[in-house]
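Student: Predicted model, plus sequence, below.
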Amino acid sequence: MPDLARAGQRLIASTENARAPFTVNYTAINSNTSPVTNETAWVTTGLITFRPGRAYRITVKGLLTPTAASSEGRIRVRRDTASGTTLYDSFRITTPSSGANYGFEFSNLIVNSGTSQVLALLVGTVGRDSGSATYSVSSSATHVAYLHTEDFGPAADFPGATPLT
């Protein structure tokens, strides 16, 4: 289990309260996005500080809605812009019915294995891979779409995680 107190270490509030996992950013939308074909941002976080030597879990959740049957869409999380470094890629999501909502919830671990903190935005994108549909992310007050970032523990505990830089 990550972030346990070491033998002889004195526990103080700042140490105990920093146990992973804990939320570092939660950005949500509560209205539908415009339908798109090309990869387009649907959610963008504020600036996040990624501490050195830490792993982070990013979770993206929402409803993918196509305007035509038999198409394939894609959800990604990128760094800084809608064309930035890919931190998560859903690959193709088959959507057999027009107008139906297809729920998605994906997570990935990313790490800042460097020695300096990294300031970055995370951008959730939606786009079409094949077919004739346009895609939107549907969201409402009761079906909120979001991008959630959590400090998940020491980077060394997750050697295969996606690098942030």
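Tutor: Yep, it's here.

Student: what are the pairing partners of the longest strand belonging to the chain, and which direction each?
Tutor: Longest strand of the chain, by residue count under DSSP state E: strand 54-66. Sheet pairing of strand 54-66 (DSSP bridges) gives strand 102-112 (antiparallel), strand 135-138 (antiparallel), strand 145-154 (antiparallel).

Student: And the contacts of the shortest one?
Tutor: Spelled out, that is strand 135-138. Strand 135-138 is contacted from outside by 29, 32-37, 42-43, 62-67, 71, 73, 95, 101, 124, 126-128, 145, using Cβ atoms under 8 Å, 6 or more residues apart in numbering. In short, each C-beta sits where N, CA and C put it, glycine included.

Student: now the residues you listed: which count as buried?
Tutor: 29, 33, 35-36, 42-43, 62-67, 71, 73, 95, 101, 124, 126-128, 145 (16 or more other Cβ atoms under 10 Å).

Student: Now do the contacts for G127.
Tutor: The neighbourhood of G127, defined by Cβ under 8 Å, 6+ apart, consists of V36, T37, N38, E39, T40, G73, R74, R76, Y135.

Student: ok, for it, nearest residue in space, not its chain neighbours?
Tutor: Leaving aside its chain neighbours, G127 sits nearest to E39 (3.4 Å; criterion: Cβ to Cβ, 6 or more residues apart in numbering).

Student: quick revisit: just the residues contacting the helix or strand that the longest strand of the chain is followed by, thanks.
Tutor: For strand 54-66, the following helix or strand on the C-terminal side (DSSP states H and E) is strand 71-79. Strand 71-79 has contacts (Cβ under 8 Å, 6+ apart) with 39, 58, 60, 62, 64, 66, 84-95, 104, 106, 108, 120-133, 135, 147, 164.

Student: change it to 7 Å
Tutor: The contact list for strand 71-79 (Cβ atoms under 7 Å, 6 or more residues apart in numbering) reads 39, 58, 60, 64, 66, 84-95, 104, 106, 120, 122-133, 135, 147.

Student: Also stretch 95-105?
Tutor: So stretch 95-105 is contacted by 59, 61-73, 75, 90, 93, 133, 138 (Cβ under 7 Å, 6+ apart).
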